[in-house]
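# Please find the sequence and the predicted model below.
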Amino acid sequence: MSNNFKINNLPEYFKQYKKSIKNPKKFWNEVADNNFVWYQRWSKVLKYNMEEARITWFKNAKLNITKNCLDRHLNKRGDKTAIIWEPNNPSEEAQYITYKDLHQRVCKMANVLTELGVQKGDRVCIYLPMIPELAITMLACAKMGAVHSVIFAGFSASAIASRVKDCGAKIIICADGGYRGNKTIDLKGIVDEALAQHPSGVESVLVVRRTHHTVNMKDGRDLWLDDYYSKASSDFVTKIMDAEDPLFILYTSGSTGKPKGMLHTCAGYMVYTAYTFKNVFDYQENDIYWCSADIGWITGHSYILYGPLCNGATTIIFEGTPTYPQPDRFWEIIDKHKVTQFYTAPTAIRSLAKENSDWVKQHNLSTLRIIGSVGEPINDEAWHWYNDHVGNKKCPIVDTWWQTETGGILISPIPFVTPTKPTYATLPLPGIQPVLMDDKRNEITENQVSGNLCIRFPWPGIARSIWGDHQRYIDTYFSSFPGKYFTGDGALRDEVGYYRITGRVDDVIIVSGHNLGTAPIEDSINLHPAVAESAIVGYPHDVKGNGLYGYVILKETGETRHKVNLKKEINLLISDTIGPIAKLDKIQFVSALPKTRSGKIMRRILRKIAEGDFNNFGDTSTLLNPEIIEEIKRERIE
Ligand code: PRX
């Protein structure tokens, strides 16, 4: 992305912003025209209908994102490091993969996948730990026009089965196992279990060797990558893609049990992630950029892989955890690789802030220029700790607000341009038109107000649909506030127009930066034979942001088992069906749940009780069983 598109000061930001709102098509036309290689130019910049959620950017353009991430860098940056891979165990050597190497490895991988019958448009599920092959297989899919769907390697067998089934994948790429801290995870075993639950459609499982432990290989289905990769050619003819061809599907939680496969397409996503990466991280040619997220989430897709590589950057992929082998691992990596931009989540910041600050002081973090936060609201204390101890009060904090659905960052300070304000994501990036709506669907135009955060106009990175269910896409995002995209978040706008995201206003809870729907968790608890009904709410947690509090009604079966065992079984069930990230912190057995006359659980009351606030229940006149509140209050888990 050329420096001409970098915003350098506040007046320039306001000028660019105004321009982008007055004539968005002209604005994005210029960005797209000047920074990418295209096989064919577009015939129309934007066509959209917000009611029907039909959005087309760069219509009829022909491209391949990997030409922009890899091939075009080969002449000028062939020997530059594209990826620094930092392994879980610091005694294993880091890998420095140049653009030339990466291009070659991606081409070989694309040939392997072609040999296995993968074609343009086929869906490929990737269940890999944070090893180079994760980036390589994603880029290989993009190069050959296959649609990748990465499943975070912390998800359970059932979560894999439902995703594989929903997207109709014909191949799964996994590893024998993965390392995380002092744990080894049997990834291949989990995939076997998933395929036992959903056997149809998947023709092959391609296994990458990482842990070298013994795994079961099913004849005719399971294949070792090594056997194919070593023989594969490194010449591959890149597939020419249409601007609106699918690039990837990434699942996110919803308010019903079924995860939503957010569909992102080729051109708009590329333009948006590359543009925002350049501006939000003030990327300069010799920077060493590190985003500590997992590639299994959108943050990793957009800001470990596609955004940085489109800019020819050096990006770090870290396999491990912040506290292994010691709580200074992040600081050690920043010091070791001379990181210039560091991007992480408030949960990680809060948990590391709890450690002795000597862990930070032991390392030289002076190369850092910009530090970022993403995934959940950053509280004041964490913001200041990050600013004081990591940024040494000289690095702007970019508190970036966005979503899986938005493809890239929508609201964020531009470093050295937008004055930061603790806990505020501040101002919209060019092209983004946030609006606050009240519950009666009226737009709130004043400042110093809060409301439901919507976006008025499309931007290139917005998801185009939910895979296989466009109606659900319309219903979820475009119908609550007709004509606008509804984010599901609440926000506050201050006196100068800065935005502060206050949290979800729907049934999604952000735990440690992970989006969790209450419905899927409740569904899995209700699978327990002793459980009649359950309700999950979030409560403030000093490390995770939100903890999960479950209210569970047991069936009247004369259940005699100890409640402690039941709690363990419930969490085991959640672990098995969703993943350990969704385990409950607190479980309270109740004889009933507060319900309205129409049978709806009044979650507001349950939330208040979980928080320990017994005074502000609001209007309870529609409750069918107000007497239950006393019991629930009395037996609340501290
Ligand atoms: O509630 C917002 C929160 O994370 C949600 C999106 O989650 P996901 O799709 O998993 O994507 C996370 C990474 C982009 C949002 O609806 N969120 C994300 N960033 C912030 C945030 N909340 C407050 N401040 C942020 N910077």
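Great, that's in hand. Note that the coordinates shown come from a computational prediction; the quantities given were computed from them, not determined experimentally.

# quick one: pLDDT of Asn3?
Note on Asn3: pLDDT of 86.

# these two touch, right, Leu368 and Gly391?
Yes - the criterion here is C-beta atoms under 8 Å, and Leu368 meets it with Gly391 at 6.5 Å. Heads up, the C-betas are built off the backbone N, CA and C, glycines and all.

# max-length helix in the chain?
With secondary structure taken from DSSP state H, the chain has its longest helix at helix 99-115.

# Okay, domains of the protein per the record?
3-454, 520-634 (automatic domain parsing).

# Return the member of those domains having the minimum mean pLDDT.
When I compare these, domain 520-634 is least confident, with a mean of 90.

# Give me the distance from it to the chain's centre.
What separates the centre of domain 520-634 from the centre of its chain is 27 Å, taken as C-alpha atoms, centre = their mean, to the nearest Å.

# does any part of that domain sit near the ligand?
No - figure legend: domain 520-634 not in contact with the ligand (C-beta under 6 Å from any ligand atom); closest approach 9.0 Å.

# so how far is the first residue of that domain from its last?
End-to-end distance for domain 520-634, by C-alpha to C-alpha, to the nearest Å: 28 Å.

# now swap in stretch 235-253 and tell me
Taking C-alpha to C-alpha as the criterion, the two ends of stretch 235-253 lie 39 Å apart.

# Could you pull out the strands in the stretch 51-200 of the chain for me?
Listed from the start of the chain, the stretch 51-200 of the chain has strands (DSSP state E, counting those that start in this stretch) covering 54-59, 62-63, 81-86, 95-98, 123-127, 147-150, 171-175, 178-180, 183-185.

# With respect to the ligand, which of those strands lies nearest?
Among the strands of the stretch 51-200 of the chain, strand 147-150 comes nearest to the ligand, with 13.1 Å by C-beta to the nearest ligand atom.

# Give me the contacts around that closest one.
Identification of contacts with strand 147-150 by C-beta atoms under 8 Å, 6 or more residues apart in numbering yields 121-128, 134, 137-138, 141-142, 163, 167, 169, 246-251, 261, 295-296, 301.

# Same check on stretch 218-233?
Residues outside stretch 218-233 that contact it (C-beta under 8 Å, 6+ apart) are 107-109, 111-112, 115-116, 133, 173, 192, 202-209, 216-217.

# Let me know how buried His384 is, in neighbour terms.
Neighbour count for His384, taken as other C-beta atoms under 10 Å: 16.

# ok, and the closest non-adjacent residue to it?
Residue nearest to His384 in three dimensions, not counting chain neighbours: Pro422, with 6.6 Å by C-beta to C-beta, 6 or more residues apart in numbering.

# Equivalent analysis for Ile21, please.
Gln433 (6.1 Å).

# what do you get for Val45?
Closest residue in space to Val45, ignoring its immediate chain neighbours: Lys25 at 4.2 Å, by C-beta to C-beta, 6+ apart.

# Tell me which other helices or strands the helix or strand encompassing the one you found touches.
Element membership of Lys25, judged by DSSP states H and E, is helix 24-35. Where contact means 3 or more C-beta pairs under 8 Å, 6 or more residues apart in numbering; DSSP states H and E, helix 24-35 is packed against helix 10-22, strand 44-49, helix 266-280.

# ok, and for it, which residues are buried?
Using 16 or more other C-beta atoms under 10 Å as the test for burial, helix 24-35 gives Pro24, Phe27, Trp28, Asn29, Val31, Ala32, Asn35.

# ok, the closest residue to the fifth one other than its chain neighbours - contacts?
Take Val31 and drop its neighbours on the chain: the residue closest to it by C-beta to C-beta, 6+ apart is Tyr275, 5.4 Å away. Contacts were defined as C-beta under 8 Å, 6+ apart; by that measure Tyr275 touches Met1, Phe5, Val31, Asn35, Gly408.

# separation between Tyr275 and the ligand?
Separation of Tyr275 from the ligand (C-beta to the nearest ligand atom, to the nearest Å) stands at 16 Å.

# Please list the residues of the stretch 301-450 of the chain that sit near the ligand.
Ser373, Val374, Gly375, Glu376, Pro377, Asp399, Thr400, Trp401, Trp402, Gln403, Thr404, Ala425.

# Help me confirm that Asn616 comes into contact with Lys608.
Yes - with contact defined as C-beta under 8 Å, Asn616 reaches Lys608; the gap is 6.2 Å.

# more crowded one of those two?
Lys608 (20 against 9).

# So Ala535: helix, strand or coil?
Here Ala535 is recorded as strand under DSSP: H, G, I helix; E, B strand; the rest coil.

# what bridges to it?
Tyr551 (DSSP bridges).

# circling back to that earlier point, quick one: contacts for the residue nearest to His384?
Applying C-beta under 8 Å, 6+ apart to Pro422 gives the contacts Asp380, Trp383, His384, Asn387.

# ditto for Lys19
Shown in contact with Lys19 (C-beta under 8 Å, 6+ apart): Lys26, Phe27, Pro430.

# quick one: which of the residues you listed is nearest to Ile629?
Among these, Pro430 lies closest to Ile629 (C-beta to C-beta), at 49.0 Å.

# Just give the nearest non-adjacent residue to that closest one, would you?
Take Pro430 and drop its neighbours on the chain: the residue closest to it by C-beta to C-beta, 6+ apart is Ser20, 3.9 Å away.

# neighbours of the one you found, just the number please.
Going by other C-beta under 10 Å, the residues that sit close to Ser20 add up to 23.

# The residue nearest to Asn89 when sequence neighbours are not counted pairs with what?
Spatial nearest neighbour of Asn89, excluding adjacent residues (C-beta to C-beta, 6+ apart): Tyr179 at 6.9 Å. Note on Tyr179: beta-bridge partners by DSSP bridges are Thr184.

# May I ask you to confirm that Tyr179 is in contact with His212?
No - when contacts are counted by C-beta under 8 Å, Tyr179 is not listed as touching His212 (11.2 Å).

# Any idea how many residues pack against Trp38?
Counted by other C-beta under 10 Å, the residues lying close to Trp38 total 17.

# got the contact list for it?
If you count contacts by C-beta under 8 Å, 6+ apart, Trp38 has them with Ala61, Lys62, Leu63.

# could you measure Lys440 against Tyr485, distance?
In this view, Lys440 and Tyr485 are 19 Å apart by C-beta to C-beta, to the nearest Å.

# and those two? which has more neighbours close in?
Neighbour totals were compared for Lys440 and Tyr485, and Tyr485 leads with 24 against 5 (other C-beta under 10 Å).

# The residue nearest to that one when sequence neighbours are not counted and the ligand: what is the separation?
Distances taken as C-beta to C-beta, 6+ apart put Ile455 closest to Tyr485, at 4.5 Å, once the chain neighbours are dropped. Look at Ile455 and the ligand: by C-beta to the nearest ligand atom, they are 12 Å apart.

# tell me the contacts of Ile455?
By C-beta under 8 Å, 6+ apart, the neighbours of Ile455 are Leu410, Ile432, Gln433, Pro434, Val435, Lys484, Tyr485, Thr487.

# Give the bridge partners for Asp222, please.
As for beta bridges, Asp222 partners with Val205 under DSSP bridges.

# For it, grab the count of nearby residues.
19.

# Numbering from 34 from now on, please.
Happy to do that; since the first residue is 34 now, the last one works out to Asp255.

# Phi, psi for Gln525 please.
For the record, residue 525 is Leu, not Gln. Dihedral pair for Leu525: phi -120, psi 140, per degrees, to the nearest 10.
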